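Participant: Turn this into a structure:
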Amino acid sequence: MLENPRSPRVRAVAKLAKKPARVETGMFLLEGPQAVAEALTFRPQLVVELYATPTALERYSDIGDTAIDAGVDVEYVTEEVLNAMADTVTPQGFVAVCHQFPTAVKDVFATHPKLVAILEEVRDPGNAGTIVRAADAAGADAVVFTGRAVDLYNPKVVRSSTGSIFHLPVAVGAELDDVLARAREAGLTILAADVKGDDLLEARRDGVLARPTAWLFGNEARGLPDEKLALADRVVTVPIYGHAESMNLATAASVCLYESAFAQRDRPRADEVTER
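Facilitator: Numbering: from 1, shown residues only. Okay, the predicted model is just below:
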């Protein structure tokens with residue numbers, strides 16, 4: 001059992017909360033039973049080290065069983081050691097070190113996806129992780145981070161995704177022009193989400209949302225500048241019916257992605273009715 005919270009090994013794990021250490025090692029930090037369970041289930045080959053307190057492993061015995069099945073050793077640590085490793089105040093008994101695994105942009109569009117989320121200079125880690133989670137829930141094929149976006153492997157992004165980064169391809173470090181060109185080549189319609197756009201209901205009535213779509217979401221504070229909005233096939237806004245001053249980016253993105261998911265899944269049934 002690791003007992004010394006000041007040991008070099010513990011400090012090396014804790015450094016992964018900072019970007020320079022992640023860039024240097026190609027690793028990232030994973031915390032909590034849910035995220036660890038998702039990694040072991042969907043991408044066990046990425047898990048390099050797994051640490052747990054005896055109490056946590058007793059409570060979540062299924063994680064221990066999954067780790068054994070995946071050939072991943074679990075190292076016992078004290079609560080003090082786990083707290084020293086973790087980025088959060090309450091890591092809930094589990095910390096893992098994983099390989100980073102970004103997807104190449106060309107691979108995202110090589111499979112002719114039907115729904116992709118593009119995050120242009122989205123900086124808030126909570127928003128970024130939540131959008132990845134929403135894209136996963138809506139059945140999107142991929143997420144792409146473009147421009148000077150937050151680091152995908154920032155601990156807050158990873159936590160906010162609640163394990164969804166292990167479920168779908170995520171590309172990082174791409175330039176928006178290149179991504180949009182590849183999206184068009186793959187037959188996707190580019191829809192930009194912005195307050196200057198048409199009402200989302202209009203896009204629903206026009207049948208636009210049923211097409212293979214790449215949704216473009218901009219920075220939380222500045223949105224998308226006019227020159228980037230001009231790159232989209234259509235600009236759409238989520239209407240506000242109450243008295244809220246604005247809508248959180250992740251919330252708006254979730255609405256847009258689910259509107260596309262609903263429309264794309266409803267279209268085959270409508271076609272069947274027409275044929276009959």
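Participant: Nearest spatial neighbour of Lys15, chain-adjacent residues omitted?
Facilitator: Nearest residue to Lys15, sequence neighbours excluded (Cβ to Cβ, 6 or more residues apart in numbering): Ala21, at 3.9 Å. Every residue, glycine included, has its C-beta placed from N, CA and C.
Participant: Quick one: distance of the helix or strand containing Leu191 to the chain centre.
Facilitator: Leu191 is located in strand 189-199, with elements delineated by DSSP states H and E. The chain centre lies 21 Å from the centre of strand 189-199; the measure is Cα atoms, centre = their mean, to the nearest Å.
Participant: Which SSE is immediately downstream of that strand?
Facilitator: Per DSSP H and E, the first helix or strand lying C-terminal to strand 189-199 is helix 200-206.
Participant: How about the contacts made by Arg182?
Facilitator: Val105, Lys106, Val108, Phe109 (Cβ atoms under 8 Å, 6 or more residues apart in numbering).
Participant: Buried among those residues? Need that as a selection in ChimeraX.
Facilitator: Of these, the buried ones can be selected in ChimeraX as follows, counting by 16 or more other Cβ atoms under 10 Å:
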select :105,108,109
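Participant: Show residues contacting stretch 76-94.
Facilitator: Residues from elsewhere that reach stretch 76-94 (Cβ under 8 Å, 6+ apart): 1-7, 10-11, 13-14, 17, 29, 31-33, 35-36, 50-57, 59-60, 63, 95, 155-156, 159.
Participant: Using PDB, write down the CA coordinates of it.
Facilitator: Taking Å, rounded to 0.1, in the frame of the first residue of the first chain, the C-alpha atoms of stretch 76-94 are listed here in PDB:
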ATOM      1  CA  TYR A  76      -4.000   0.200  -2.600                       C
ATOM      2  CA  VAL A  77      -3.400   3.700  -1.300                       C
ATOM      3  CA  THR A  78      -4.400   5.600   1.900                       C
ATOM      4  CA  GLU A  79      -7.000   8.300   1.900                       C
ATOM      5  CA  GLU A  80      -4.200  10.900   2.400                       C
ATOM      6  CA  VAL A  81      -2.300   9.600  -0.700                       C
ATOM      7  CA  LEU A  82      -5.400   9.600  -2.800                       C
ATOM      8  CA  ASN A  83      -6.200  13.100  -1.800                       C
ATOM      9  CA  ALA A  84      -2.700  14.200  -2.700                       C
ATOM     10  CA  MET A  85      -3.000  12.700  -6.100                       C
ATOM     11  CA  ALA A  86      -6.500  14.000  -7.000                       C
ATOM     12  CA  ASP A  87      -7.500  17.300  -8.500                       C
ATOM     13  CA  THR A  88     -10.800  17.300  -6.600                       C
ATOM     14  CA  VAL A  89     -11.400  17.500  -2.900                       C
ATOM     15  CA  THR A  90     -13.500  14.300  -2.900                       C
ATOM     16  CA  PRO A  91     -12.100  11.800  -5.500                       C
ATOM     17  CA  GLN A  92     -14.400   9.100  -4.000                       C
ATOM     18  CA  GLY A  93     -11.700   6.500  -3.600                       C
ATOM     19  CA  PHE A  94     -10.400   6.100  -7.100                       C
END
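Participant: Give the buried residues for it.
Facilitator: Going by neighbour count (16+ other Cβ under 10 Å), the buried part of stretch 76-94 is Val77, Val81, Leu82, Asn83, Ala84, Met85, Ala86, Asp87, Pro91, Gln92, Gly93, Phe94.
Participant: in which helix or strand would I find the fourth one?
Facilitator: Here Asn83 is covered by helix 79-85, with elements defined by DSSP H and E.
Participant: immediately after that helix, which helix or strand?
Facilitator: strand 94-99.
Participant: Note down every partner strand of that next one and its orientation.
Facilitator: Note on strand 94-99: by DSSP bridges, its sheet partners are strand 27-31 (antiparallel), strand 47-52 (antiparallel).
Participant: circling back: dump the residue contacts of the residue nearest to Lys15.
Facilitator: Taking Cβ under 8 Å, 6+ apart, we find Ala21 in contact with Ala12, Lys15, Met27.
Participant: roughly how far out does the helix or strand hosting it sit from the chain middle?
Facilitator: Per DSSP H and E: Ala21 is located in helix 19-25. The chain centre lies 20 Å from the centre of helix 19-25; the measure is Cα atoms, centre = their mean.
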